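In: following is a predicted model, sequence given first.
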Amino acid sequence: MTIVDVRILVEGASDVEVVSKALQGLALGSEYNITISSIIPTTNIEIAKSAAAGADLLIIATDADRVGRDLAERLYTELSEMVGHVERMKLPLGHDLEHVDVELVRKELKNTLVRAGLKSLQILPEYMALRNQLLDLRGRYEGILRDHEELEKAHKELETKYTELKSQNEQLLAENSELRKLLEGRVNTYKLEEVWKSLFPVEEMPEEEYIGKAVEKLGLKGKVIVGQGYIYSESRRLVEDLLKTVYLSLTIKEPPTEPEEIPPEPPKEETEEDIEKLLRGL
C-alpha cells in the first residue's frame, strides 16, 4: 500500500516542538499508513512553496486567532495547487510547551487527518467516474493505435507499390518517347496510286489487296503497311522496290492457255440393247 506523504506548516520553532510532542502519541504509520515527512516553521510564502511542493497532504497549523487564520488562508491560496490536498489545523494559543495541552493538540491533529480522509471520500465517486472515463479512453486509444499501425503498414505497402508503378510508368514513358522519335524519323506515308503512276505512268495499278499479299510474301510485314489507298514505310525507296516487284510479277505471269476445241463425236445410233439398258436404269 502506498504511504501518504504528510507535511505540516507551522508559524515558528515553538510550534514545531508542540506538534512533535503531539505526534508521539499517534501511530500514524500503522493506523493510517501516513508518514509525517517534515514540519516546517515559516511564514514566508516562497520557503513554504519549496517545502510543500509534491506533498500528498499539507496541514497548515496556525494559531486559532485572526492572525493565524489570515496566514492560513494566504498559504492555502498559494499552495493548494502544488499539493494533493490542503487542510487547516488550529493550534491553541500560547507557545510554551509546558503550558500547552498536548492532548488537545493531538486530538486536533487526528481530527484534521480524519477530515482530510472524509473529504477524499467525498470526491471518490467523481474519481471513480474519471477513472472509468480514463479506462474507456485508454481502450479507445489502444484501438486507434492498432488501427494506426495497420494503416501505417498499409501506407508503406502502397508507398512501395506506388514507387514500383512510378518506376514502370517512367520506363514506359521513356520507351514511348523513343518509339515516337523512331516513328517520326522513319515512317512515311505515301499515296499508293501516286507512287505507282510515278513508276509506271501507263500501267494500271493492281488491286490494293494484291499489293498487300505481296508485302506478306516478301516478308515486309511490319516495315510496310498498305491500306485505305495509302502505303506506310520507313523509306520511299522500299515502297518503290516493292511496287517494281509487284509490276514484275504481273508482267511475267503467263495468261492461261485456251483449251483446243475437240470436234464433237457423231451421234451414235441407239440399238435395242442400249434402249433396254436405259429402261433397266430407270
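Out: Perfect, thanks for sending it. Numbers count the residues shown, from 1 in each chain.
In: okay, now the unreliable bits of this structure?
Out: 1, 93-99, 120-129, 131, 178-187, 253-282 (pLDDT under 70).
In: tell me where it has helices.
Out: With DSSP state H as the criterion, the chain has helices at 13-23, 28-32, 45-52, 66-79, 102-122, 124-186, 192-199, 208-217, 236-251, 272-281.
In: of all those helices, which lies closest to residue 227?
Out: Shortest distance between residue 227 and the helices of the chain, using CB to CB, is found for helix 208-217: 7.4 Å. For every residue, glycine as well, the C-beta is placed using N, CA and C.
In: roughly how far out does that closest one sit from the chain middle?
Out: Mean C-alpha position of helix 208-217 versus that of the full chain (CA atoms, centre = their mean, to the nearest Å) differs by 59 Å.
In: ok, stretch 62-73 next?
Out: Counting by CA atoms, centre = their mean, stretch 62-73 comes out at 61 Å from the chain centroid.
In: what are the buried residues along it?
Out: Across stretch 62-73, burial judged by 16 or more other CB atoms under 10 Å covers 62-63, 68, 71-72.
In: who's in contact with stretch 55-66?
Out: Contact with stretch 55-66 is made by 4-11, 15, 19, 34, 37, 52, 68-69, 71-72, 75-76, 79, 83-93, 109, 112-113, 116, as judged by CB atoms under 8 Å, 6 or more residues apart in numbering.
In: on that earlier part again, most tightly surrounded among the helices of the chain?
Out: Highest mean neighbour count of the helices of the chain: helix 13-23, a mean of 18 (counted as mean count of other CB atoms under 10 Å).
In: quick one: list the elements packing against that one.
Out: Applying 3 or more CB pairs under 8 Å, 6 or more residues apart in numbering; DSSP states H and E, we find helix 13-23 packed against strand 4-10, strand 34-41, strand 85-91, helix 102-122.
In: now distance to residue 251 too, for these, in JSON lines please.
Out: JSON lines is the format used below for those (distance: least, CB to CB, whole Å):
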{"stretch": "strand 4-10", "distance to residue 251": "120"}
{"stretch": "strand 34-41", "distance to residue 251": "123"}
{"stretch": "strand 85-91", "distance to residue 251": "120"}
{"stretch": "helix 102-122", "distance to residue 251": "120"}
